[in-house]
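Visitor: got a sequence here, can you model it:
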Amino acid sequence: MTGLTRSLIEKCYRLLFNEPKTKVMGIINTTPDSFSDGGLHFNHDSATECAFGMLDDGADILDIGGESTRPGSLPVDIAEEIRRTVPVISAISQQRPESLISIDTRHKDVAEAALDAGASIINDISGFRDDPGLVELAKKSGAFLVVMHMLGTPRTMQTDIHYDSFPEDVYTFLEKRVADLENFGIAPEKIIVDPGIGFGKTFDQNLILINRLAEFSGLRKPILMGPSRKAFIGKIIGEPEASKRDVATMAAVSMSICRGATIVRAHDVKSTVQVSRVTDAIIREKIEF
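Guide: Residues are numbered from 1 along each chain as shown. Next up is the predicted model:
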């Protein structure tokens, strides 16, 4: 491993634990079939330009993904996923070496190539269940982890949604995954949890998840929330086009922060930074980190 430097690890620590503000994670999908931007950043140059723009707009973290995880999507060949993501990560880390970059992947080989290229965070929608080698890589590299809850796979997650108790089942899943990862040797302070809004949740459950997010503070981990442009927002405002849901997304972002989100994942970084700053100014003194 050559990509994960001490300075990036220290910057992650400072960002997560020493800066009392909501952190904004900019989304860059290097896929031809993203639900939100329809391949807008499939071209490497376009994706890199977008990344620099997000950093200039105040993004704290960039999340680069090469496999669509929209409902019904199919897996991508690992070599293709690397081809889509790693050149973008390399370009960002070379021109902005202090940037914090997350690789959105379920695969060890993709994550390893991304870390070598300059990423410092692994964001796995499967909660580090799909590829056992990914946990070993995370431990060996010292990377930070985003552990997300999802029912099934992206292809099946919205077809058979059932919980015995919601959101308690989500909490229990994350609690167990955190314990398993820590028992394996992952440093507790390197784990971020994501309840997985929109990933195997009904319309009502997405609303409940935001409204009861404060309960997840019991996990004692930074909480990431990603409501940006999700279908439940489109349903509320009657907007079928994901790219036209940014204004409405800001309400979900602000409420997520009010309920305890530490990091918010965003397509529209500039607006999300502004909303986060105002929400922080109103409530942040009342929130314990």
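
Visitor: now do the same contact list for residue 227.
Guide: Residues in contact with residue 227 (CB atoms under 8 Å, 6 or more residues apart in numbering) are 197-198, 206, 210, 233, 249, 252-253, 256, 264. (C-beta placed from N, C-alpha, C; glycine too.)

Visitor: for residue 255, see how far away it is.
Guide: 9 Å (CB to CB, to the nearest Å).

Visitor: check residue 220 too.
Guide: From residue 220 to residue 255 the distance is 22 Å (CB to CB).

Visitor: so for those two, which sits in the more crowded spot?
Guide: Legend: neighbour count by other CB atoms under 10 Å for residue 220 and residue 255, higher for residue 255 (17 against 10).

Visitor: then whichever strand or helix holds the more buried one to CSV, C-alphas only?
Guide: Element membership for residue 255 (DSSP states H and E) is helix 246-258. Extracted C-alpha coordinates of helix 246-258, given in CSV (Å, rounded to 0.1, in the frame of the first residue of the first chain):
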residue,chain,number,x,y,z
ASP,A,246,-32.0,19.5,-5.3
VAL,A,247,-34.0,22.2,-3.6
ALA,A,248,-36.3,19.6,-1.9
THR,A,249,-33.2,17.6,-0.9
MET,A,250,-32.0,20.5,1.2
ALA,A,251,-35.0,20.0,3.6
ALA,A,252,-34.0,16.4,4.1
VAL,A,253,-30.3,17.5,4.6
SER,A,254,-31.2,20.0,7.2
MET,A,255,-33.5,17.6,9.1
SER,A,256,-30.8,14.9,9.0
ILE,A,257,-28.4,17.4,10.6
CYS,A,258,-30.9,18.4,13.2
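
Visitor: can you pull the buried residues of it?
Guide: Neighbour counts over helix 246-258 (16 or more other CB atoms under 10 Å) mark 246, 248-250, 252-258 as buried.

Visitor: neighbouring contacts of that helix?
Guide: Counting by CB under 8 Å, 6+ apart, 22, 210-211, 213, 225, 227-230, 233, 236-237, 239, 264, 266-268, 271-272, 275-276, 278-280, 283 sit against helix 246-258.

Visitor: take those and keep only those in helices.
Guide: 210-211, 233, 236-237, 271-272, 275-276, 278-280, 283 (DSSP state H).

Visitor: of those, keep whichever come out buried.
Guide: Buried, going by 16+ other CB under 10 Å: 210, 233, 271-272, 275-276, 279-280, out of those.

Visitor: residue 114 versus residue 92, what's the distance?
Guide: 11 Å.

Visitor: okay, the two: which has more neighbours?
Guide: A count of neighbours by other CB under 10 Å puts residue 114 above the other of residue 92 and residue 114, at 31 against 24.

Visitor: I'd assumed residue 89 was in contact with the more buried one.
Guide: Yes - the pair residue 114 and residue 89 passes the contact test of CB atoms under 8 Å, sitting 5.4 Å apart.
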